[in-house]
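**Q** What shape does this take:
(chains A and B)
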Amino acid sequence: MTVVHSSSMLEVNGLTRTYGKLIAITGVSFRADCGETIGLLGPNGAGKTTTVSIIAGLLSPDSGEVLIEGKQVKSDTDPVKLKIGLVPQDMALYDQLTARENLTFFAALYSLAGAKAKQPIAEALNLVGLSDRAGEKVGTFSGGMKRRLNLAAALLHDPQILLLDEPTVGVDPQSRNAIFENLETLKKRGKTLIYTTHYMEEAERLCDRIVIIDHGKVVADDTLEGLHKLLPVTNVIAIELDLADGFKPEEMLALSEVKSAKLQQSTLRVGVHDLSRGAPGILRWLADNGHSYHQVSSEQPDLETVFLTLTGKSLRDS
Amino acid sequence: MIPFLALVRKDLKLFSNDRKAVVVGLLVPIVLASFFGYLFGGQSGNAEMSKIPVLVIDQDGSDISRGLITRLTGEKNLDVKPSTLDAARQAVRKGKATVAIVIPKDFGRDAGHAFFTAASKPELGVLYDPSHSLEFGMVKGILSGAVMQSVSKEMFAGKSGREMVNESLAQVENNSQLPAQDRKALRDLLGGVKELNEERDRAGAAGQGELPGGLTMPYETREEAITSGQDVEYNGYAHSFGGMGVQFILFMGLDVGIALLMLRQSGLWQRLRAAPLSRTTLLGSRAVSASLIAGFILLVLFGFARIVFGVHIRGSFAGFLGVCAAFSLMTAAFGLMVAALGETVEATRGYSIMATLIMVMLGGAWVPTFIFPMWLQKLTVIIPTRWAMDGLDGMTWRGLGFSSALAPIAVLLLFTLLFGVVAVMRFRWRTEA
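**A** Numbering: from 1, shown residues only, chains lettered A, B, ... in the order given. All right, here's what the predicted structure looks like:
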């Protein structure tokens, strides 16, 4: 029996999909409330795109269901689909047409034509900063501009849910920032964003909650703070040693506050649960054992560390 | 309806924006059709045919051999030149001559003997290029007629013929083994020929001129090309423009299929599928746009053919439009079927090009189907292009009425239905993640 949350915009319940013997996803469940941004984080091949494809109605699950405001998409022409805007990972634009012609076409797919389409097209172009290039063929655009237009094309029918499948793949940092600003604007407008990525910094910057997927399974679903709590250490003290030769970091594990210790060249990284309680003891131990240092700083572990902790492997190497 | 029209309009815009597609779709078939039309008779339908190069080696030098060469030289379809045996053999081997005729020594005498008696027949040597078997057959026919006329003329009216008649009469009289009845018959025949020759001599002496002699063809032919009407000449461009139109529209249909296959692998397909669009809208709009493009190509081709080469729709114009529309729909359905059955773009392109070329070839778009073996001609009724070509030929230069367009239209629509059903049933709607 499905329990529908009162403010739940999207519910994904127990999705499973296989391709022959390959299990793409199994038992994937999460939900997104109105105005919430959910990050689907996982390495390539983890099952993020399969999940998004099922939500968008491009794929049927072997089992499980997707509910949009409590309703399932029942047919190709189901009006429930109007609530979804998809930004595919691959560029979904016609290079031979101008930006405006592209948007006019995509608006018409949602039965928006003539005067009804004019305003949404202008607003979408304005949002992604391409109003002055509207009459130019998309083939002449840079990768970043195409990515922004790719986003604009999904906004024309004013969907409540935006499915963004790695929308910043292959773009320069400047364009990535521009896309982020666009998404933050949409978030402020109350849109529900489902954002797949394997860039942790993107998820950290944008998402209210993060669903970590690995090998087709959800391994964590929480806020950033909640995920940090899953870590054995919540802070890392980075110490630049004057002389690292012969230093044995494992000796530090004898200290009760120290949960991990790693030496990379002359930088010693020590993991602790409580920075204020752990730091004095560590620095004292270094002094007592004749290890001088010239710089001390603290770091908070990022999602990379979270992923490493949860799956036992690095996100980018997976 | 807005999405459907937008999809059709988008396809038409993409086609018109793609200059390469327009060039391939219009200019190339026009050039090829013009070329093929010229080869197959051109505008007047009686363009001068290439003469068959024939070499003659006269080892006899008799009146009969000279007469034979004169007759062959006078044939409008032959380009006859004297040669030697070695040179002729080399020329045929190199393809510079199609046939070489060797008239052996004493051919005239031996042929004369064999004409009236059971004497052994002399052999005419004929060297020929096996890659020109059709032309060889034609030369053999002309040669038979020319030999009969030359030998008979010499036998009935020539000097050597008279000598041979006298000689044969003597042989008949002296042949004791000849049955009496046969002897009488031969004596009458040869005596009659002798009398006839003497009559000619007397007429010549009296100044009445030389009388014609020898056997001649006992008939004349009156040739009439059956086209759309009396005095309407066959226009070879009508067929060639139809053929090339059919070929390039099929290629266009193929492109539609390949493009759809590629689209399925792109983000665009995901965006289309995410929109609230029915499958009928997605595939139907593609079929309509492909049909419109196909119809446009056909009309431009025939428009060009009319202005430049005077090709007219001599038959039913409605029938012509019906055949064009049915073929356009069939092509669109063919393209969708290619997209439905195709696995990878590369493999699909390969096998569908092969299928298209076979359809074009067997449909008679390149060369008329009558040169095919009979079993193959019968087989081509299962090829949709054959019906398209028959329909277009019927409505253009044959000048047939609308009723003659009904069968091609019906068959093409049946193929449309068949291809369309296969396309819809086999189309993989779900995208791969």
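
**Q** Every contact and neighbour count from this point should use C-alpha atoms.
**A** OK.

**Q** Please name the residues that touch the residue of the stretch 151-300 of chain A found nearest chain B.
**A** Per C-alpha to the nearest C-alpha, A:Ala154 is where the stretch 151-300 of chain A lies closest to chain B, at 8.3 Å. For A:Ala154, the contact set (C-alpha atoms under 8 Å, 6 or more residues apart in numbering or on different chains) comprises A:Gly85, A:Leu86, A:Val87, A:Leu162.

**Q** 10 Å - rerun?
**A** A:84-88, A:92, A:103, A:106-107, A:124, A:162-164, B:271, B:274-275 (C-alpha atoms under 10 Å, 6 or more residues apart in numbering or on different chains).

**Q** What of A:Ala287?
**A** Contacts for A:Ala287 (C-alpha under 10 Å, 6+ apart) come out as A:Gly281, A:Tyr293.

**Q** Walk me through which strands the strand or helix carrying A:Val28 pairs with, and which way each runs.
**A** A:Val28 is part of strand A:22-33, with elements assigned from DSSP states H and E. Strand A:22-33 pairs in its sheet with strand A:8-19 (antiparallel), by DSSP bridges.

**Q** Please identify the buried residues of the strand it pairs with?
**A** For strand A:8-19, burial by neighbour count (16 or more other C-alpha atoms under 10 Å in any protein chain shown) applies to A:Ser8, A:Met9, A:Leu10, A:Glu11, A:Val12, A:Asn13, A:Gly14, A:Leu15, A:Thr16, A:Arg17.

**Q** What ranges does the stretch 101-250 of chain A have for its helices?
**A** Per DSSP state H, counting those that start in this stretch, the stretch 101-250 of chain A carries helices over the ranges A:115-127, A:143-152, A:173-188, A:200-206, A:224-229.

**Q** Which of the buried residues of strand A:8-19 scores worst on pLDDT?
**A** pLDDT across the buried residues of strand A:8-19 is lowest for A:Ser8, at 86.

**Q** Verify the contact between that one and A:Gln160 for me.
**A** No: taking contacts as C-alpha atoms under 10 Å, A:Ser8 lies outside contact range of A:Gln160: 11.8 Å.

**Q** residues shared between the contacts of the two?
**A** A:Cys34, A:Gly35, A:Ile68.

**Q** out of the residues you listed, who's nearest A:Asp288?
**A** A:Gly35 (53.5 Å; C-alpha to C-alpha).

**Q** Name the nearest residue to A:Asp242, sequence neighbours excluded.
**A** A:Tyr293 (4.9 Å; C-alpha to C-alpha, 6 or more residues apart in numbering or on different chains).

**Q** Provide the partner residues of the one you found in its beta bridges.
**A** A:Leu241.

**Q** Over to B:Glu343. Which of the three states is it?
**A** Counting by DSSP: H, G, I helix; E, B strand; the rest coil, the backbone at B:Glu343 sits in coil.

**Q** Now do the contacts for it.
**A** By C-alpha under 10 Å, 6+ apart, the neighbours of B:Glu343 are B:Leu261.

**Q** Tell me where the stretch 101-250 of chain B has helices.
**A** Remark: helices assigned in the stretch 101-250 of chain B by DSSP H, counting those that start in this stretch are B:107-116, B:133-157, B:159-174, B:180-205, B:236-264.

**Q** now the shared contacts of A:Ser8 and A:Gln160 as JSON lines including pLDDT?
**A** Output for those, formatted as JSON lines (pLDDT from 0 to 100):
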{"residue": "A:Cys34", "pLDDT": "90"}
{"residue": "A:Gly35", "pLDDT": "90"}
{"residue": "A:Ile68", "pLDDT": "93"}
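
**Q** on that earlier part again, quick check: the gap between the residue nearest to A:Asp242 and B:Ala238.
**A** When distance is defined by C-alpha to C-alpha, to the nearest Å, A:Tyr293 is 94 Å away from B:Ala238.

**Q** In terms of neighbours, single out the busier of these two.
**A** When A:Tyr293 and B:Ala238 are compared for neighbours, B:Ala238 comes out ahead with 28 against 18, by other C-alpha atoms under 10 Å in any protein chain shown.

**Q** buried set for the helix or strand hosting A:Arg284?
**A** Using DSSP H and E, A:Arg284 sits within helix A:275-288. Using 16+ other C-alpha under 10 Å as the test for burial, helix A:275-288 gives A:Leu275, A:Gly278, A:Ala279, A:Ile282, A:Leu283.

**Q** for stretch A:123-134, same thing?
**A** A:Ala124, A:Leu125, A:Leu127, A:Val128, A:Gly129, A:Leu130, A:Ser131, A:Ala134.
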